[in-house]
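# Build me a model from this:
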Amino acid sequence: MQTEIIKLAHEKGHFSAAKTEGVVKQEFFIPNLSKQVQNVIVNCVPCILTNKKSGKKDGFLSPIPKEDVPLSTYHVDFIGPLPSTTKKYQHILTIVDAFTKFTWLYPVRSTSAQDALDKLKVQQKSFGNPK
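Below you'll find the predicted structure:
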């Protein structure tokens, strides 16, 4: 109920934390009000979409030159965390061939460099090193 009161006060104009807190304080006493107001505002979708990003600006994307031969360039990334399997795998290592877009998926327990290297060695044994 406290969260609903705070949401209603905030959604009257998507005010800042201080102003939302002031509106709520005029009518109600809520313990840890500042923390709860901050939580509501951080999770407010309209505020997230309209507020400008702070921090470092995104850089320009530089395309990677496309090779003419399969298996010459790989793109590697992790997917997860996912629900744990019976063998404690929580992530998937993805390897994509840049030329053919063929994708290999390897289950891994973590996103550590060691887990990635272990699976890349499996890839190397089957297909050799990329050029």
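
# what ranges do the strands span in the protein?
74-79, 91-97, 103-108 (DSSP state E).

# could you dump the ones you listed to a markdown table with mean pLDDT, distance to Val37 and mean neighbour count?
In short, each C-beta sits where N, CA and C put it, glycine included. What follows is the strands of the chain, written out as a markdown table (pLDDT from 0 to 100; distance: least, Cβ to Cβ, whole Å; neighbours: other Cβ atoms under 10 Å):
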| stretch | mean pLDDT | distance to Val37 | mean neighbour count |
| --- | --- | --- | --- |
| strand 74-79 | 92 | 35 | 14 |
| strand 91-97 | 94 | 35 | 18 |
| strand 103-108 | 94 | 40 | 15 |
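
# In JSON lines: the ones you listed, plus distance to Thr50.
Formatted as JSON lines, those follow (distance: least, Cβ to Cβ, whole Å):
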{"stretch": "strand 74-79", "distance to Thr50": "30"}
{"stretch": "strand 91-97", "distance to Thr50": "34"}
{"stretch": "strand 103-108", "distance to Thr50": "37"}
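
# wait, which of those is closest to Pro46?
When these are ranked by distance to Pro46, counting by Cβ to Cβ, first place goes to strand 74-79 at 29.5 Å.

# Partner strands of that closest one, with direction?
strand 91-97 (antiparallel) (DSSP bridges).

# So which bits of the worst-scoring helix or strand of the chain on mean pLDDT are buried?
Every helix and strand of the chain was ranked by mean pLDDT, DSSP states H and E. The lowest is helix 45-50, at a mean of 82. The neighbour-count check on helix 45-50 (16 or more other Cβ atoms under 10 Å) flags Cys47 as buried.

# Return the list of helices and strands in contact with that helix.
Helix 45-50 is packed against no helix or strand, with contacts defined by 3 or more Cβ pairs under 8 Å, 6 or more residues apart in numbering; DSSP states H and E.

# show me what contacts Tyr106?
The contact partners of Tyr106, by Cβ atoms under 8 Å, 6 or more residues apart in numbering, come to Ile92, Leu93, Ile95, Lys119, Val122, Gln123.
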